[in-house]
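> could you look at this predicted model? Sequence included:
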Amino acid sequence: MKFLIDDANVAKIREICEYYPVDGVTTNPSILAKSGRNPYEVLKEIRGIIGAEADLHVQVISSEAGAMVEEGHKILAELGGGTFIKIPATQEGLKAMKILSGEGHRVTATAIYMPMQAYLAGMAGADYAAPYVNRIDNLGANGIETAKVIHDIFKKNGLKTEVLAASFKNSQQVLELAKYGIGAATIAAEVIEGLIRNASVAAAIEGFVSDFEALCGEGKTMLDC
Ligand code: G3P
C-alpha cells in the first residue's frame, strides 16, 4: 500500500517526509483553501519537497467535462506531466476521465462514496479511485468495507485501477486497509502523527535507556560506553 500525505501544509509535509516513507501528496480544493495561498505556488513548493518522481494528485474545480479537461491540461503544464489529475466521479467526470486517460495522462477518480462510481471510473481509464472512508462511515455505511469492495471489483474485472483510500480519522482505519493490500492510502498530517504514537513503546524505550545508564553512566550510548 502506497503511503501519501493528504495535506497542503508545506511545513508539515517537509517534516513528515523527513521521518516517514512517503510516496506522494494528495490535495483537494478544501485542503488548498486552508493554506490561504495561491494554489500553484503551494503545489510547486510541495513538488519541490517531494521530488519530481513522487506522486502528486491535484483536483479540478469545474463541473463540466470540457472545462475539467482544460483545467487538467493547465495543471499538467504547471506541475509536470506525471501529475495525477483528480476528477470527481460524476457523469461529467467520467467523460473527462475518458478524454484525459485517452491522452495518456494519469487520472484519479475522487469523491467516491459508492462502489459503482469506482467501477465506472476504472472502466473510464482512471489509475486510482478514492473512496472517502471516514465520510462514508459518517453516513452510517461502512467506509472500510466500501474500499475493500472497490479493490475486489478492480481485481475481479482485470482493471489496472487501484484504490487510493482517503478521509481517515484514525490508525485502525489505515491498518485495516494495509492488511487488505489496497493500492494506496492518503492520510492527513495529524492522523499520520498518531499512527505509531504509543505510551507503551515510549515506556519500553525509556526503560532500556535507564538500565543502560545504570550500567555505563548517564548519557552513555554504544558509541562511548
Ligand atoms: O480528498 C478527500 C479527502 O481528503 C477527504 O478527507 O478528512 O475531509 O474527509 P476529509
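Everything's here; your move.
> and the nearest residue to residue 111 once chain neighbours are set aside, what are its bridge partners?
Closest residue to residue 111 apart from its sequence neighbours, by Cβ to Cβ, 6 or more residues apart in numbering: residue 88 at 4.1 Å. Every C-beta, even on glycine, is put in place using the N, C-alpha and C of the backbone. Assessed by DSSP bridges, residue 88 has beta-bridge partners residue 110.
> contact partners for residue 88?
Going by Cβ atoms under 8 Å, 6 or more residues apart in numbering, residue 88 touches 59, 63, 109, 110, 111.
> give me the buried subset of those residues.
The neighbour-count test (16 or more other Cβ atoms under 10 Å) applied to the contacts of residue 88 identifies 59, 109, 110, 111 as buried.
> for the first one, what are its contacts?
This means residue 59. Going by Cβ under 8 Å, 6+ apart, residue 59 touches 27, 28, 29, 85, 86, 87, 88, 110.
> if I look at it, how far off is residue 120?
Distance of residue 59 to residue 120, computed by Cβ to Cβ, to the nearest Å: 18 Å.
> isn't residue 165 up against residue 133?
Yes - if you go by Cβ atoms under 8 Å, residue 165 and residue 133 touch, sitting 5.5 Å apart.
> between the two, which is the more surrounded one?
When residue 165 and residue 133 are compared for neighbours, residue 165 comes out ahead with 35 against 25, by other Cβ atoms under 10 Å.
> who does the more buried one bridge with?
residue 185.
> residue contacts, it?
Applying Cβ under 8 Å, 6+ apart to residue 165 gives the contacts 130, 131, 133, 147, 177, 182, 184, 185, 186.
> which helix or which strand is home to the fourth one?
What that stands for is residue 147. helix 143-156 (DSSP states H and E).
> pretty sure residue 43 is touching residue 74, no?
No - counting by Cβ under 8 Å, residue 74 is not a contact partner of residue 43; they are 11.6 Å apart.
> stretch 6-19: which residues count as buried?
Residues 6, 7, 8, 9, 10, 12, 13, 16, 17 are the ones in stretch 6-19 that count as buried (16+ other Cβ under 10 Å).
> quick one: residues contacting the second one.
Translated: residue 7. When contacts are counted by Cβ under 8 Å, 6+ apart, residue 7 is found next to 13, 25, 27, 31, 188, 189.
> just name the closest of the buried ones among the contacts of residue 88 to the ligand, please.
Taking Cβ to the nearest ligand atom as the measure, the ligand lies nearest residue 110 of these, at 5.9 Å.
> re the thing from before, ok, and which of the buried ones among the contacts of residue 88 reach the ligand?
Residues of the buried ones among the contacts of residue 88 in contact with the ligand (Cβ under 6 Å from any ligand atom): residue 110.
> turn the buried ones among the contacts of residue 88 into a markdown table, columns for distance to residue 96 and pLDDT.
Formatted as a markdown table, the buried ones among the contacts of residue 88 follow (distance: Cβ to Cβ, whole Å; pLDDT from 0 to 100):
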| residue | distance to residue 96 | pLDDT |
| --- | --- | --- |
| 59 | 12 | 98 |
| 109 | 10 | 98 |
| 110 | 12 | 98 |
| 111 | 13 | 98 |
